[in-house]
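Chemist: what would the 3D arrangement of this be:
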Amino acid sequence: MDTTYYDHGTAAERWDRARKFFDAKDYTAAARVLGALVEEVPEQTGPRLLLARAYYHSAQLRRAEEELRVIVERDPVEQYARLMLGRTLERQGRQEEAEPHLRIASALAGDFGERD
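Modeler: Next comes the predicted model:
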């Protein structure tokens, strides 16, 4: 399969292309662009988080989970990654594993709920 279009251009051009695919709800194409981009700049959170979101929306939940775990391991207070990880685990029917991530995400967002 020819991937020239997906891999062509600078990192910034590919980031822009991936975001356009994502915004158009072509999550599979976005993931194709972002996968290579994440390999090129693995330390950057933005492309990895968008890749996880693209995987989530295209029902590639194990892949989304893998990317989100990398982010959370590197930055335990990355609120959105925590929320996404919790939701990804929930969607896989792993509620017990999801709960701590969802609680942490809520706390990081300042949502402490009602107190007794």
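
Chemist: mind checking how far the closest residue to residue 67 other than its chain neighbours is from residue 82?
Modeler: Leaving aside its sequence neighbours, residue 67 sits nearest to residue 52 (Cβ to Cβ, 6 or more residues apart in numbering; 3.9 Å). Heads up, the C-betas are built off the backbone N, CA and C, glycines and all. Remark: distance between residue 52 and residue 82 (Cβ to Cβ, to the nearest Å) = 12 Å.

Chemist: what do you get for residue 27?
Modeler: Residue 27 sits at a distance of 21 Å from residue 82 (criterion: Cβ to Cβ).

Chemist: comparing those two, which residue is more hemmed in?
Modeler: Between residue 27 and residue 82, counting by other Cβ atoms under 10 Å, residue 82 is the more crowded of the two (25 against 20).

Chemist: what about the helices in this structure?
Modeler: Per DSSP state H, the chain carries helices over the ranges 4-7, 11-23, 27-40, 45-57, 61-74, 79-91, 95-108.

Chemist: need these in CSV with mean pLDDT, can you?
Modeler: Converted to CSV, the helices of the chain look like this (pLDDT from 0 to 100):
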stretch, mean pLDDT
helix 4-7, 69
helix 11-23, 94
helix 27-40, 95
helix 45-57, 97
helix 61-74, 98
helix 79-91, 97
helix 95-108, 96
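
Chemist: centroid residue for this protein?
Modeler: What sits nearest the mean C-alpha location of the chain, by Cα atoms, centre = their mean, is residue 52, with 2.4 Å.
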